[in-house]
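[1] Sequence first, predicted coordinates after that:
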Amino acid sequence: MKFAHFSHIWAKPGMTPHERYEQLWRELKLCDETGFDHSFCVEHHFRPDESWMSSPSLYAVGAGARTKRLRLGPMGYIVPLYHPLRLAEEIAIVDQMLDGRMELGLVPGINADYFRPFGLDYAQRKSPTLEFVDYLRAAFGDTQPFSFHGAEFHTDNARISVQPVQRPHPPLWMMSRDPQTLEFCAKNAISPGYFLVYPRADAAPRYRKFLEDWNRAGWPSRPNIAYCTVVYVDDTDDKAMETALFRSSRAYEGFLAPPKPGETFEQRAAEHAKMFVGRGEPGASEIMQHLFDADYLFKHDLVFIGSPDTVSRKIRAAAAAGVFNVFMGEFNFSDLPEDALMRSIRLFGEKVIPALRHYEPF
């Protein structure tokens, strides 16, 4: 298995953005020292109460300057928000600055609010994301200047000044549970993944089909399949539960709409839950309705909290059931104190990773 530090770079009360970024670098330096493989960030916009990361390139370069081993990148760039030529140039420069340590996540975007201020149509986000894979391969191809004419993008006679270290491009990721997108990923050697809000039992058959398609395509290497959720490790189960269980139920408060005057957290959570009643994916809908219920999260092993042995056991069981071989842990959540945060990362790196490193879920 492989292991990643994943971060929304949540806003923290009492911290300036600069202080929050400095904390992030401390997290990543410790991950680098304790055997983590990857570190990924989101790209979110226009919510100062939620994520403070709208520039994954700056994240990757800043992290790269402070680490030596970690492979770094976005999970992922919201492709429709960029001009494809500008994004291709930026990716190449980031990979050069990282000396070939870049991992490249591409996503269509999950929130319409990210699109409106840019004057873009949220409904037209998927096809440019998929087409960008072919665009990237043309932009980084041996023929320079290059031209590209697709359904979404058109470029004539452009020469990329800086090519990436990794050829033809950094390893590609696309977090998705959509069957058609997974078929696209298998055809194009793209590593997929999913988050805790999609039940592992529902994900398993889709990812087994992805593995069949990957093997049928004849790729020489085994694919990465990622799973992301909250994790907290402490010396004992009791200490871990006391520190992190309730906080885990507030980890994704940023998913809620901004609070209205006088509105309580419970009222916001109830309004959030209503949006998922009767959705087409009943399992995912149920999780989203209970995302802020600590007892539900714990009962269903949707967050991994405990001693190193407990967390190792939970991840191993989840990987087997959910067909994933890359665990992406969100370590910094809610108002978790920094001493607890750093202790959790160190214990994970020093005890959980070695316990699972040679485990192969598929």
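    Perfect, thanks for sending it.

[2] Let me know how buried the nearest residue to Ala201 once chain neighbours are set aside is, in neighbour terms.
    Leaving aside its sequence neighbours, Ala201 sits nearest to Ala321 (Cβ to Cβ, 6 or more residues apart in numbering; 6.7 Å). Bear in mind the C-beta positions are built from the backbone N, C-alpha and C, glycine included. Using other Cβ atoms under 10 Å, Ala321 has 15 neighbouring residues.

[3] hang on, Ala321 in a strand?
    No: counting by DSSP: H, G, I helix; E, B strand; the rest coil, Ala321 is located in no strand; its state is helix.

[4] thought it was touching Asp202?
    No: applying Cβ atoms under 8 Å as the test, Ala321 and Asp202 come out as separate, 10.8 Å apart.

[5] What is the longest strand of this protein by residue count?
    strand 226-233 (DSSP state E).

[6] could I get the next helix or strand after it in PDB with only the CA atoms?
    Elements were assigned by DSSP states H and E; along the chain past strand 226-233, the next helix or strand is helix 237-248. Extracted in PDB, the C-alpha atoms of helix 237-248 (Å, rounded to 0.1, in the frame of the first residue of the first chain):
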ATOM      1  CA  ASP A 237      -7.700   4.000  21.700                       C
ATOM      2  CA  ASP A 238      -9.200   5.900  24.700                       C
ATOM      3  CA  LYS A 239      -6.900   8.800  24.200                       C
ATOM      4  CA  ALA A 240      -7.600   8.900  20.500                       C
ATOM      5  CA  MET A 241     -11.300   8.800  20.900                       C
ATOM      6  CA  GLU A 242     -11.300  11.500  23.600                       C
ATOM      7  CA  THR A 243      -9.200  13.800  21.400                       C
ATOM      8  CA  ALA A 244     -10.700  13.200  17.900                       C
ATOM      9  CA  LEU A 245     -14.100  11.400  17.800                       C
ATOM     10  CA  PHE A 246     -16.300  14.500  18.200                       C
ATOM     11  CA  ARG A 247     -13.900  16.600  16.200                       C
ATOM     12  CA  SER A 248     -14.200  14.100  13.300                       C
END
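
[7] in helix 237-248, what counts as buried?
    For helix 237-248, the neighbour count (16 or more other Cβ atoms under 10 Å) marks Ala240, Met241, Thr243, Ala244, Leu245, Arg247, Ser248 as buried.

[8] From Leu336, how far out is the residue lying closest to the second one once chain neighbours are set aside?
    Spatial nearest neighbour of Met241, excluding adjacent residues (Cβ to Cβ, 6+ apart): Ile305 at 6.1 Å. Separation of Ile305 from Leu336 (Cβ to Cβ, to the nearest Å): 11 Å.

[9] Compare the two and say which is more crowded by neighbours.
    Taking other Cβ under 10 Å, Ile305 and Leu336 do not tie; Ile305 has more neighbours (26 against 21).

[10] Next, that one: secondary structure please.
    Classified using three-state DSSP, Ile305 is strand.

[11] Surely it touches Thr236?
    No: taking contacts as Cβ under 8 Å, Ile305 lies outside contact range of Thr236: 11.3 Å.

[12] Give me the residue ranges of this protein where confidence is low.
    The model of the chain has no residue with pLDDT under 70.

[13] residue contacts, the spatially most central residue of it?
    A centroid search over the chain (Cα atoms, centre = their mean) returns Met75, at 4.3 Å, as the residue closest to the centre. Contacts for Met75 were tallied using Cβ atoms under 8 Å, 6 or more residues apart in numbering; they are Phe6, Phe40, Cys41, Val42, Gly105, Val107, Trp173, Met175, Met328.

[14] Can you list phi and psi of the fifth one for me?
    Pointing back at Gly105 there. phi -90, psi 140 (degrees, to the nearest 10).

[15] And for the fourth one?
    Torsion angles at Val42 (phi, psi; degrees, to the nearest 10) stand at phi -90, psi 170.

[16] Repeat that for the third one.
    In terms of degrees, to the nearest 10, the main-chain angles of Cys41 are phi -130, psi 170.

[17] Hmm, it is touching Tyr77, no?
    No: counting by Cβ under 8 Å, Cys41 does not reach Tyr77; the two are 10.5 Å apart.

[18] between these two, what contacts are shared?
    Applying Cβ under 8 Å, 6+ apart, one finds that Cys41 and Tyr77 are jointly contacted by Pro56.

[19] Work out for me the element the residue of the chain positioned farthest from its centre sits within.
    Most distant from the centre of the chain: Asn157, at 34.3 Å, with distances by Cα atoms, centre = their mean. Element membership for Asn157, per DSSP H and E: strand 154-158.

[20] That strand - which strands sit beside it in the sheet, and in what orientation?
    Partner strands for strand 154-158, per DSSP bridges, with pairing direction: strand 146-149 (antiparallel).
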